[in-house]
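Asks: Just the structure for this:
(chains A, B, C and D)
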There are 2 protein chains.
Amino acid sequence: MPQSKKSHHGQDQRESGRQQVFDAIRQAGRIARIDIARETQVSPATVTAITSELLSAGLISEVAPDGEPSPSGAKRGRPRVALKVRGDAYLIAGIKVADRQVTVLLVDFEGRSICDHSHPIEPLPVAPDAMVALIREVLQTACQKAGRDLSDIAGVGLGLAGLIDATRNFVYWSPNLDRRNVELGEILDAAMPFPFFLDNDANLVAKAEQLFGDVKGTSDFIVVTIEQGVGMGIVIDHQIYRGERGCGAEFGHTKVQLDGALCRCGQRGCLEAYVGDYALLREASIHSPTGVITDLPTLMTRVKAGDPTTKSIFDRAGRMFAMGLANIINFFDPELIILSGEQMSYNFLYDEAVMEKVRGSVVQVDAPLPEIRVHKWGDLMWAKGAAAYAMEAVSARKIRELAANHAA
Amino acid sequence: MPQSKKSHHGQDQRESGRQQVFDAIRQAGRIARIDIARETQVSPATVTAITSELLSAGLISEVAPDGEPSPSGAKRGRPRVALKVRGDAYLIAGIKVADRQVTVLLVDFEGRSICDHSHPIEPLPVAPDAMVALIREVLQTACQKAGRDLSDIAGVGLGLAGLIDATRNFVYWSPNLDRRNVELGEILDAAMPFPFFLDNDANLVAKAEQLFGDVKGTSDFIVVTIEQGVGMGIVIDHQIYRGERGCGAEFGHTKVQLDGALCRCGQRGCLEAYVGDYALLREASIHSPTGVITDLPTLMTRVKAGDPTTKSIFDRAGRMFAMGLANIINFFDPELIILSGEQMSYNFLYDEAVMEKVRGSVVQVDAPLPEIRVHKWGDLMWAKGAAAYAMEAVSARKIRELAANHAA
DNA sequence: AAAAATTATTTTTTATGCTGAAATAATATA
DNA sequence: TATATTATTTCAGCATAAAAAATAATTTTT
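Replies: Okay, the predicted model is just below:
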C-alpha cells in the first residue's frame, strides 16, 4: 500500500543519513568515523562528508586523542580520531511536573547535567496561565543558578502526568491543570522564545532509558513507571508508540478485575486502584484501629513488624501487578521490560513472588522470557527524560535546517 | 541510534521504489501512472521507469481503456491508462488448518479466487510428517480441481492456530501438531518445490483485511478473531507486529481475573476461559438437568427461550470480553478494531451492552473512540489471509530478484 | 475539419548523493 | 630510515530521481 515512507530524493536522503550519523555519535558518546561507517552501514567516504558538515555546523567536535589503545586492537596505523556531540552547541531543559514539585534540569547538548532545581508546589490543579508562569519561573531560576540566560535555551522537554497527545503538544487531561483539552504547547511556545516538546511522563522515562540508559540499541522495550500512578512507555522499532489519539499505553487503567475497586479515574477495576499509593492506604485505613493512614512508610513498618493484614494488602497488590505485567508480555512479547520506580518501598511489586506469578501467567514457549529490570530513580530521571526528548527534537530540527541551508 | 535501516545506495533505493509502486497498484486494483505518482509521492518520470520494468518482468499489465470517465473529472486530454497486477503471473495458495478441516484456496496474483477445497480431519494432533503429507495432498487436490499442476504454485501461505514465529517459519506449539518446537517451515520447504510462509492464523486475518478488506490504507488497526479460541493480529504502521519471540498478541490468554477460571492452556483467568466455546459449555453443563451439553446452538436456543441462567453465562462472557477489548484500547489506542468471527452465534460478544461496557472502561478523552467493526466470515477468509500473506511474500521476493537481475 | 486546449505519459536533461578505488595522513615496527 | 598498517579524505563514476521538455491522445472550439 502507499507507505508513508518519504521519497528518497535529494535532501531527504541526505537528511536521513545525517540523522543516522548524528544519532550514532550521540549514542556512542565518542566514536571514530570508521566505526560510524561500520555501525550505520554507510560508506567511510560518506561518513567523512557528513561529519564534516556536522563539524562546520558546530553540532559535533573532534576529540583530542587520548593515549588509550585503539578499541579495534590495532597497534599501529593512523590512529582513529573520535567524534562527539559538541556539548556547548545548545542548552536544553527538561521539566517534570510532579504532584508536589516541579523539577527542572538543564543539560548541555551532550546530555550532561549542568544544573537542576526543584520547586515545591501545591498538589492542586491550576489554570494553564499559572502553569506557564510557573514553568517560566523555574526555568529562570535554573538558568540563574547556571549563570546562563533564558534566551540561551534551545528547547524544553516537558513531562506531565495525564493524557497527552505528544504529536500535537496537546493536553487532554492532566491532574495539574484545572481544565481539560488545553493547547498547552501553543501557549508555552507563545510565552517563551524556544520550542516546547510535551509528552506523557512515562514516555519520557522510556526516552531517558533509550538515550542514557544501558538499553542503547535495543529496538523494542517497555518501561513501566511506578509513582503515584502506574504509567507505561512502549518502544517499538526504536520509536515510542503512542497510538492513534496519542493516549495509548495507559497501563495504570487497564482493567484487572471486572467491576473491581474504584479508581481515582472514576472507573472500576483499574490496575492503579490496586497498586497505587492511595489504593494501599485506603485498604489499610479501613483496618487500622488508629484511624486514617496517610503515608506509605507507616504501612511498610507494619509489614516489617509482621502484621498479616497489612501484608495481605501488599500481597494482593503484588499479584495484581503480576497479572498486569503478564498481560504486557502476552500482548507485546517485548525483549525487555524496565520497571522504573522511585522508592525502595515498592519492592513488593517486583519481588520473587511477583516474578513467579508472572512466569506462571505468560504464554509458555521454549524461548527465554523477556528480561525484567528494575531501575530506581526519582524525579531527576524524569526530568532527564524530558531533556532527552527535547535534545532529540532539537537535533532533528537543527539537522533539518542544515539540509535546508545546504539546499539554498 | 544505529537504525536497522539499510543503506540507500543503488539497488536498495530502487527496490523500495518498486515495492512501493507495486503495492500501490495491487492496493488500488487498477490505477493509472499519474495516480500512482500522486499516491506514492514518486515523480511521474520515475513511475514510468518503474512500471515499464514491472511490465517487462510480467508482474503487471496495462488494462484496455474502458469507456468510463476519468476519475479525475477531466473531460478531455489524453486518457489515462490503468495498470493492474497480472493475475496469471503467479499461482498462490493459502491454507488454513482448523480444528476439523483443512481449507485451501488457490488465488491468482491479483488475489482472485481460482478454486478452494476443504478436507475434513480428525481434531487430533499429528506428527509433523503427517501434517506435511496432508498439506501436499490438499494442495494436489486443489490443483487438480483447477486444472493446474502442483509445480505451478509460486508460494503457499499457511495459517495455524498456536504459537508461531513467522520470521523463522517455526512452530513453538500448535494444537494440530503432536510435539512442540517444530521447524515446520523447513520440513515443508524440503518436501515441496515452492516456499512456505507460516504465520499465526489471527495475523493472517489481519493480512486479509489489509489486502482485501475495506481498511486499505489504514496504518494501525487490530483484528480480534473469535473462533474456538480468541486470537489477535496487531498492525502498526502498516506492518504486523509480532514481538520479540514472535508470540505476542496472545489476546486469548491475557488475564482478566486473578486466579480465575481454568483455561485449556493450563493457566487461570485467561480471557478464553470465559468466552471460548468450551468455557460456555462447561458452565452450562453444570447447570443442565439433562447432562453434558456439547454444542453451542443448544445454548443459544435456551437463551432465546429466555432461560436466565444460560443468559447469565453469556452476559458474563460479554462483560469479560468487554474488559479485554477495553484493555486493547487502553494499551494500543488503535484507529480501528475489527472483530472477526465465523458465526452469528457470537452476537453476545459485540452487542450494545458489551460496547457500552467498553466505553465505560476506556480511558476517557475528548476524542472519538476507535471504530469497532464486526466482520463475519469463515475458514475461507482465513485461507484468503494465508494467500494474501504468501502473495505479499512472493511479490517481495520477485521484486528483489528483479533488482538483482537488473544489477547483473 | 482544423486548430486549440487539455491531460497523460515518455524522453531528455540535470543534479545529487553514494560508493569504490586511489591517494594521503599518521602512526608503529623493523 | 624504510615499511607496514590503519584511518581518513579525495576523486571519478554510477545510479537514481526529479524537473523540464517533448510527445501522445484525447475533447472542445472555431
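Asks: From now on I want contacts and neighbour counts done on CA atoms only, so please keep to that.
Replies: Will do.
Asks: Could you give the backbone dihedrals for the residue nearest to A:Val365 when sequence neighbours are not counted?
Replies: Of all residues not flanking A:Val365 in the chain, B:Tyr172 sits nearest, at 6.2 Å (CA to CA, 6 or more residues apart in numbering or on different chains). Here is the backbone geometry of B:Tyr172 (degrees, to the nearest 10): phi -70, psi -50.
Asks: Tell me how many other residues surround B:Tyr172.
Replies: B:Tyr172 has 23 neighbours, counted by other CA atoms under 10 Å in any protein chain shown.
Asks: My guess is it contacts A:Asp366. True?
Replies: Yes - here B:Tyr172 reaches A:Asp366: they are 7.0 Å apart, a contact under CA atoms under 8 Å.
Asks: Common neighbours of those two, please.
Replies: By CA atoms under 8 Å, 6 or more residues apart in numbering or on different chains, B:Tyr172 and A:Asp366 have these common neighbours: B:Asn181.
Asks: Any stretches of the stretch 151-300 of chain A with poor pLDDT?
Replies: Per-residue confidence for the stretch 151-300 of chain A (pLDDT under 70) gives these ranges: A:289.
Asks: where do the helices sit along the stretch 151-300 of chain A?
Replies: Here the stretch 151-300 of chain A has its helices, by DSSP state H, counting those that start in this stretch, at A:184-191, A:201-212, A:272-275, A:277-287, A:296-304.
Asks: Can you point out the buried residues in the third one?
Replies: For helix A:272-275, the neighbour count (16 or more other CA atoms under 10 Å in any protein chain shown) marks A:Glu272, A:Ala273, A:Tyr274, A:Val275 as buried.
Asks: do stretch A:268-286 as well
Replies: Buried residues in stretch A:268-286, defined by neighbour count with 16+ other CA under 10 Å: A:268-285.
Asks: distance of whichever residue of the stretch 151-300 of chain A sits closest to DNA strand D from A:Asp237?
Replies: Taking CA to the nearest atom of the strand, DNA strand D has its nearest neighbour within the stretch 151-300 of chain A at A:Gly217, 21.1 Å off. Taking CA to CA, to the nearest Å as the criterion, A:Gly217 is separated from A:Asp237 by 10 Å.
Asks: now A:Asp351
Replies: 29 Å.
Asks: Three-state assignment for A:Arg76, please.
Replies: coil (DSSP: H, G, I helix; E, B strand; the rest coil).
Asks: and it, how many residues sit next to it?
Replies: If we define neighbours as other CA under 10 Å, then A:Arg76 has 8 of them.
Asks: Ok, the one 10 residues further on next?
Replies: By the other CA under 10 Å criterion, the neighbourhood of A:Arg86 contains 19 residues.
Asks: A:Leu296 too?
Replies: 16.
Asks: Am I right that it is in contact with A:Leu281?
Replies: Yes - using CA under 8 Å, A:Leu296 is in contact with A:Leu281, at 7.1 Å.
Asks: do you know how far the closest residue to A:Gly260 other than its chain neighbours is from A:Leu262?
Replies: Here the nearest residue to A:Gly260 in space, its sequence neighbours aside, is A:Gly269; by CA to CA, 6+ apart that works out to 3.8 Å. A:Gly269 sits 6 Å away from A:Leu262, taking CA to CA as the criterion.
Asks: go on, A:Asp88?
Replies: Distance from A:Asp88 to A:Leu262, by CA to CA: 50 Å.
Asks: Tell me the residues on the stretch 51-200 of chain A that lie near DNA strand C, please.
Replies: Residues of the stretch 51-200 of chain A found near DNA strand C (CA under 7 Å from any atom of the strand) are A:Lys75, A:Arg76, A:Gly77, A:Arg78, A:Pro79.
Asks: could those go into CSV alongside pLDDT?
Replies: What follows is these, written out as CSV (pLDDT from 0 to 100):
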residue, pLDDT
A:Lys75, 75
A:Arg76, 85
A:Gly77, 89
A:Arg78, 91
A:Pro79, 92
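Asks: Let's see if you can find the most crowded of these.
Replies: Busiest of these [other CA under 10 Å] is A:Pro79, holding 12 neighbours.
Asks: Is that residue located within a helix, as I assumed?
Replies: No - looking at A:Pro79 with three-state DSSP, it is coil, so not inside a helix.
Asks: From B:Phe22, how far off is it?
Replies: 48 Å.
Asks: What residues does A:Tyr172 make contact with?
Replies: Applying CA under 8 Å, 6+ apart to A:Tyr172 gives the contacts A:Gly162, A:Leu163, A:Ile164, A:Asp165, A:Arg180, A:Asn181, A:Val182, B:Val365, B:Asp366.
Asks: Make JSON lines from these and add neighbour count to it.
Replies: Putting those into JSON lines (neighbours: other CA atoms under 10 Å in any protein chain shown) gives the following:
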{"residue": "A:Gly162", "neighbour count": "21"}
{"residue": "A:Leu163", "neighbour count": "25"}
{"residue": "A:Ile164", "neighbour count": "28"}
{"residue": "A:Asp165", "neighbour count": "21"}
{"residue": "A:Arg180", "neighbour count": "15"}
{"residue": "A:Asn181", "neighbour count": "16"}
{"residue": "A:Val182", "neighbour count": "19"}
{"residue": "B:Val365", "neighbour count": "16"}
{"residue": "B:Asp366", "neighbour count": "10"}
